[in-house]
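1. structure for this input, please:
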Amino acid sequence: MSATALIALAVMLAWPVPRLLARMTAFRRAPRPALVVWQATTVAAVLAALFAAPAAVALAPGPGTGVTRTLALAAAVLVTGVVTARLLLSGHRVGRRLRAVRRTHRDLVDLLGLPPRAGQADVATGSLARPGGTVRPGGVHSGHLRVLDHSTPTAYCVPGLRQRVVVTRGALDLLPADEVRAVIAHERAHLAARHDLVAEFFTVVHEAVPGFVRSAEALGEVNLLIEVLADRSAVHATSAVTTGRAIVRMAGGPKPSGTMAVREGPSAARVRLDLLDAHRVAKVPTGIVAIGMYAFAAGLLAVPVGLLTLALA
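-> Model (predicted):
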């Protein structure tokens, strides 16, 4: 029965599969397709749960006793209804919480932070020359950059319509100019790619499922992949060596809630260092691996759609 298969698929994709994917650390070397696989897994799980009731309704006139059909239909409708309600409630709570925290923090940053000085603005707008004399364009608009007068080296971005990149005076004093630029490029990548929406989507689904189903390792793996993607942008703007040095120097700095920043220690920084310039997954070029991962993601999404189509047919 398609409705039963959809429910089983939703349970599999929400419970054991994320835990299995979190252990497949080799695929971190292809962060973008790996993140697509995570998204496809999550979306397929949600679709399978939401499609259970329509599939059961479509199959209700089929063979079987009246009691059996009624119980199957009730179970499918219950699963779909509960999942829908929890997703809506979680989306409301997470969205409201994040936007309130970001709005408050943005106002504080604008009140307490200072605009960058001339030299710092050059770094922010991407006019910093690399060690060979070449100038690489890019960066975040200097009007979005705020400098906090604090001795602890840290940097983060506040996403939203009024986005901000925040660095502390401690970071500017500690890091040479090229490493500051790597840090700014990292935060700019978060804003340009709207990584906040990706992280928010996974947080909503994570909090929507029951506590015994949640996987902190899976959510941590997604956040790591987002950081690796931003690191790759910093490498493109500067170099792998420069970005690696900046990661080491900035590891362990405080990161306010609601901002795009990973709460990590030296061990997580070492993981990111290993992934800065990786071009192979288990000795296979990442381009070839990416094709297989994208195909796998498409196949995952096709399964719940196919099951629903089969029930409707």
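2. mind telling me what element the nearest residue to Arg117 once chain neighbours are set aside is part of?
-> Closest residue in space to Arg117, ignoring its immediate chain neighbours: Val147 at 8.0 Å, by C-beta to C-beta, 6 or more residues apart in numbering. (C-beta placed from N, C-alpha, C; glycine too.) Using DSSP states H and E, Val147 sits within strand 145-148.
3. centre of the chain to that strand, how far?
-> Taking the mean C-alpha point of strand 145-148 and that of its whole chain, the gap between them comes to 25 Å (C-alpha atoms, centre = their mean, to the nearest Å).
4. so the residue nearest to Arg117 sits against Asp173, correct?
-> No. Using C-beta atoms under 8 Å, Val147 is not in contact with Asp173, being 10.8 Å away.
5. can I get the strand holding Val147 as CSV, trimmed to CA atoms?
-> Output of strand 145-148 as CSV, limited to C-alpha atoms (Å, rounded to 0.1, in the frame of the first residue of the first chain):
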residue,chain,number,x,y,z
LEU,A,145,30.5,46.6,8.1
ARG,A,146,30.6,47.4,11.8
VAL,A,147,33.6,47.4,14.1
LEU,A,148,33.0,46.6,17.7
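6. report all helices and strands that that strand contacts.
-> If you count contacts as 3 or more C-beta pairs under 8 Å, 6 or more residues apart in numbering; DSSP states H and E, strand 145-148 packs onto helix 66-112, helix 118-124, strand 164-168, helix 169-174.
7. can I get these in a markdown table including mean pLDDT?
-> Converted to a markdown table, those look like this (pLDDT from 0 to 100):
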| stretch | mean pLDDT |
| --- | --- |
| helix 66-112 | 92 |
| helix 118-124 | 57 |
| strand 164-168 | 94 |
| helix 169-174 | 93 |
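8. any idea how far Leu172 is from the residue nearest to Arg117?
-> Remark: distance between Val147 and Leu172 (C-beta to C-beta, to the nearest Å) = 7 Å.
9. before we move on, back to that, please say which of Val147 and Asp173 ends up with more neighbours.
-> For Val147 versus Asp173, the count of surrounding residues by other C-beta atoms under 10 Å is larger for Val147: 20 against 9.
10. excluding chain neighbours, what is closest to Pro116?
-> Nearest residue to Pro116, sequence neighbours excluded (C-beta to C-beta, 6+ apart): Leu145, at 5.0 Å.
11. and the one you found, bridged to which residues?
-> Beta-bridge partners of Leu145, counted by DSSP bridges, are Val165.
12. mean confidence score for the strand holding Val147?
-> Averaged across strand 145-148, pLDDT comes to 92.
13. just stretch 36-54 next, same as before
-> Averaging pLDDT along stretch 36-54 yields 97.
14. closest to Ala261 out of the helices and strands packed on strand 145-148?
-> Nearest to Ala261 among these is strand 164-168 (9.4 Å), distances taken as C-beta to C-beta.
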